[in-house]
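S.K.: model this:
(one chain, ligands or ions: 1)
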Amino acid sequence: MHDELDQLYRDVIMEHYKFPRGNKDISDADLANMGQNPACGDEIEVKLKLDGDRVKKVSVSCLGCAISVASGSMLAEVIEGKTLAEVKQIARIVKALLKGEDIPADINVGELGDIEVLKGVRKFPVRIKCALLSWTTLVDAIDSFEAGKTTEIGVSTTDDGVSYHDHDHTHMGT
Ligand code: ZN
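M.R.: Numbering: from 1, shown residues only. Below is the predicted model:
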(Lines give C-alpha, C1' and ligand atoms only; values in the text may rest on other atoms or scores of the structure.)
Protein backbone atom coordinates (compact mmCIF):
# COMPACT_ATOMS: atom_id res chain seq x y z
CA MET A 1 0.00 0.00 0.00
CA HIS A 2 2.74 2.37 0.95
CA ASP A 3 4.66 1.67 -2.25
CA GLU A 4 1.52 2.15 -4.29
CA LEU A 5 1.04 5.61 -2.84
CA ASP A 6 4.64 6.48 -3.58
CA GLN A 7 4.16 5.32 -7.13
CA LEU A 8 0.95 7.33 -7.50
CA TYR A 9 2.69 10.40 -6.15
CA ARG A 10 5.56 10.04 -8.62
CA ASP A 11 3.31 9.28 -11.59
CA VAL A 12 1.01 12.23 -10.99
CA ILE A 13 3.87 14.66 -10.35
CA MET A 14 5.73 13.54 -13.46
CA GLU A 15 2.63 13.67 -15.64
CA HIS A 16 1.99 17.32 -14.64
CA TYR A 17 5.68 18.11 -15.05
CA LYS A 18 5.76 16.77 -18.60
CA PHE A 19 2.41 18.25 -19.65
CA PRO A 20 1.84 21.34 -17.49
CA ARG A 21 -1.68 22.80 -17.64
CA GLY A 22 -2.23 26.49 -18.16
CA ASN A 23 1.00 27.01 -20.05
CA LYS A 24 -0.57 29.36 -22.59
CA ASP A 25 0.17 33.00 -21.97
CA ILE A 26 -2.68 35.47 -21.38
CA SER A 27 -2.18 38.80 -23.15
CA ASP A 28 -5.00 40.66 -21.37
CA ALA A 29 -4.52 39.38 -17.81
CA ASP A 30 -6.25 41.24 -14.96
CA LEU A 31 -3.64 40.22 -12.44
CA ALA A 32 -0.18 38.77 -12.61
CA ASN A 33 2.69 38.05 -10.29
CA MET A 34 6.13 36.51 -10.35
CA GLY A 35 7.52 34.29 -7.62
CA GLN A 36 10.90 32.81 -6.80
CA ASN A 37 12.10 30.04 -4.57
CA PRO A 38 15.84 30.73 -4.33
CA ALA A 39 16.44 27.63 -2.19
CA CYS A 40 15.75 25.49 -5.26
CA GLY A 41 16.01 27.97 -8.14
CA ASP A 42 12.33 27.75 -9.09
CA GLU A 43 10.82 30.74 -10.88
CA ILE A 44 7.17 31.20 -11.71
CA GLU A 45 4.82 33.65 -13.33
CA VAL A 46 1.09 33.39 -12.69
CA LYS A 47 -1.54 35.38 -14.60
CA LEU A 48 -5.32 35.44 -14.32
CA LYS A 49 -8.05 36.72 -16.56
CA LEU A 50 -11.18 37.39 -14.54
CA ASP A 51 -14.87 37.46 -15.28
CA GLY A 52 -16.32 39.42 -12.37
CA ASP A 53 -14.71 37.79 -9.35
CA ARG A 54 -14.34 34.44 -11.11
CA VAL A 55 -11.22 33.06 -12.73
CA LYS A 56 -11.85 32.86 -16.46
CA LYS A 57 -8.35 31.92 -17.64
CA VAL A 58 -5.15 30.90 -15.90
CA SER A 59 -1.62 31.09 -17.17
CA VAL A 60 1.24 29.51 -15.24
CA SER A 61 4.77 29.66 -16.55
CA CYS A 62 7.24 27.86 -14.33
CA LEU A 63 10.93 27.19 -14.71
CA GLY A 64 11.84 24.88 -11.91
CA CYS A 65 11.95 21.42 -10.44
CA ALA A 66 9.29 18.78 -11.07
CA ILE A 67 7.42 19.56 -7.87
CA SER A 68 7.19 23.32 -8.47
CA VAL A 69 6.04 22.79 -12.07
CA ALA A 70 3.56 20.05 -11.11
CA SER A 71 2.07 22.13 -8.30
CA GLY A 72 1.66 25.10 -10.68
CA SER A 73 0.00 22.82 -13.20
CA MET A 74 -2.45 21.52 -10.57
CA LEU A 75 -3.19 25.12 -9.61
CA ALA A 76 -4.03 25.98 -13.24
CA GLU A 77 -6.23 22.91 -13.48
CA VAL A 78 -8.24 23.45 -10.32
CA ILE A 79 -8.83 27.21 -10.04
CA GLU A 80 -10.47 27.86 -13.40
CA GLY A 81 -14.08 28.92 -12.86
CA LYS A 82 -13.56 29.48 -9.13
CA THR A 83 -14.12 32.78 -7.36
CA LEU A 84 -11.11 34.58 -5.89
CA ALA A 85 -12.37 33.74 -2.39
CA GLU A 86 -12.55 30.04 -3.34
CA VAL A 87 -9.07 30.21 -4.84
CA LYS A 88 -7.70 31.57 -1.58
CA GLN A 89 -9.43 28.81 0.34
CA ILE A 90 -7.94 26.16 -1.94
CA ALA A 91 -4.51 27.73 -1.38
CA ARG A 92 -5.06 27.38 2.40
CA ILE A 93 -6.00 23.72 1.92
CA VAL A 94 -2.85 23.07 -0.11
CA LYS A 95 -0.77 24.67 2.64
CA ALA A 96 -2.48 22.52 5.29
CA LEU A 97 -1.93 19.37 3.21
CA LEU A 98 1.75 20.15 2.78
CA LYS A 99 2.25 20.93 6.46
CA GLY A 100 0.20 17.98 7.70
CA GLU A 101 -2.39 20.21 9.32
CA ASP A 102 -6.07 19.37 9.65
CA ILE A 103 -8.34 20.06 6.71
CA PRO A 104 -11.79 21.44 7.62
CA ALA A 105 -14.33 18.59 7.70
CA ASP A 106 -16.56 20.20 5.07
CA ILE A 107 -13.79 20.19 2.49
CA ASN A 108 -13.63 17.30 0.07
CA VAL A 109 -10.02 17.32 -1.07
CA GLY A 110 -10.82 14.60 -3.57
CA GLU A 111 -12.79 17.18 -5.57
CA LEU A 112 -9.72 19.33 -6.01
CA GLY A 113 -8.10 17.51 -8.89
CA ASP A 114 -4.72 15.99 -8.15
CA ILE A 115 -3.99 18.30 -5.24
CA GLU A 116 -4.31 15.55 -2.64
CA VAL A 117 -1.18 13.96 -4.09
CA LEU A 118 0.86 16.95 -2.89
CA LYS A 119 0.72 15.59 0.65
CA GLY A 120 3.40 13.17 -0.57
CA VAL A 121 5.76 16.16 -0.57
CA ARG A 122 5.59 16.19 3.25
CA LYS A 123 8.20 13.45 3.25
CA PHE A 124 10.63 15.88 1.61
CA PRO A 125 10.49 19.00 3.82
CA VAL A 126 13.01 20.85 1.66
CA ARG A 127 10.56 20.55 -1.25
CA ILE A 128 7.56 22.06 0.53
CA LYS A 129 8.55 25.53 -0.62
CA CYS A 130 8.68 24.25 -4.20
CA ALA A 131 5.12 22.98 -3.93
CA LEU A 132 3.92 26.21 -2.27
CA LEU A 133 5.55 28.62 -4.73
CA SER A 134 2.73 28.84 -7.27
CA TRP A 135 0.10 29.15 -4.53
CA THR A 136 1.82 31.89 -2.52
CA THR A 137 2.59 33.77 -5.75
CA LEU A 138 -1.07 33.61 -6.72
CA VAL A 139 -2.44 34.56 -3.31
CA ASP A 140 -0.06 37.56 -3.15
CA ALA A 141 -1.37 38.66 -6.56
CA ILE A 142 -5.00 38.34 -5.43
CA ASP A 143 -4.29 40.17 -2.17
CA SER A 144 -2.70 43.14 -3.90
CA PHE A 145 -5.39 43.12 -6.57
CA GLU A 146 -8.07 43.26 -3.88
CA ALA A 147 -6.15 45.84 -1.87
CA GLY A 148 -5.80 48.03 -4.95
CA LYS A 149 -9.45 47.76 -5.72
CA THR A 150 -10.42 48.48 -2.15
CA THR A 151 -8.38 51.68 -2.18
CA GLU A 152 -9.87 52.63 -5.52
CA ILE A 153 -13.48 52.38 -4.41
CA GLY A 154 -12.71 53.96 -1.06
CA VAL A 155 -13.76 51.13 1.21
CA SER A 156 -12.09 50.69 4.57
CA THR A 157 -9.27 48.17 4.60
CA THR A 158 -10.94 46.23 7.40
CA ASP A 159 -13.55 45.17 4.84
CA ASP A 160 -12.31 41.72 4.00
CA GLY A 161 -13.11 41.77 0.30
CA VAL A 162 -16.81 41.24 0.95
CA SER A 163 -17.97 44.13 -1.17
CA TYR A 164 -16.30 43.19 -4.41
CA HIS A 165 -19.30 41.17 -5.53
CA ASP A 166 -21.20 44.44 -5.99
CA HIS A 167 -18.47 45.99 -8.03
CA ASP A 168 -17.84 45.42 -11.69
CA HIS A 169 -14.46 45.31 -13.34
CA THR A 170 -15.04 47.67 -16.22
CA HIS A 171 -12.36 50.05 -14.94
CA MET A 172 -9.80 47.34 -15.64
CA GLY A 173 -10.02 48.25 -19.33
CA THR A 174 -10.79 46.05 -22.26
ZN1 ZN B 1 11.98 23.28 -6.52
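
S.K.: for Val139, helix, strand, or coil?
M.R.: Secondary structure assignment for Val139 (DSSP: H, G, I helix; E, B strand; the rest coil): helix.

S.K.: with Gly35 as the reference, measure out to it.
M.R.: Computed as Cβ to Cβ, to the nearest Å, the Val139 to Gly35 distance reads 10 Å. C-beta here means a position set from N, CA and C on the backbone, and glycine is covered the same way.

S.K.: with adjacent residues omitted, what lies nearest to the most centrally placed residue in the chain?
M.R.: Nearest residue to the geometric centre of the chain (Cα atoms, centre = their mean): Trp135, 3.7 Å. In this structure, Trp135 finds its nearest non-sequential neighbour in Ala91, 4.4 Å apart by Cβ to Cβ, 6 or more residues apart in numbering.

S.K.: could you point out which element follows whichever helix or strand Lys49 is part of?
M.R.: In this assignment (DSSP states H and E), Lys49 forms part of strand 42-51. Later in the chain than strand 42-51, the nearest helix or strand by DSSP H and E is strand 54-63.

S.K.: neighbouring contacts of the next helix or strand after that next one?
M.R.: Next in sequence after strand 54-63, counting helices and strands by DSSP H and E, comes helix 66-79. With Cβ atoms under 8 Å, 6 or more residues apart in numbering as the test, helix 66-79 has contacts from 12-14, 16-17, 19-23, 37, 40, 42, 44, 46, 55, 58-60, 62, 86-87, 90, 94, 112-115, 118, 121, 124, 127, 130-135, 138.
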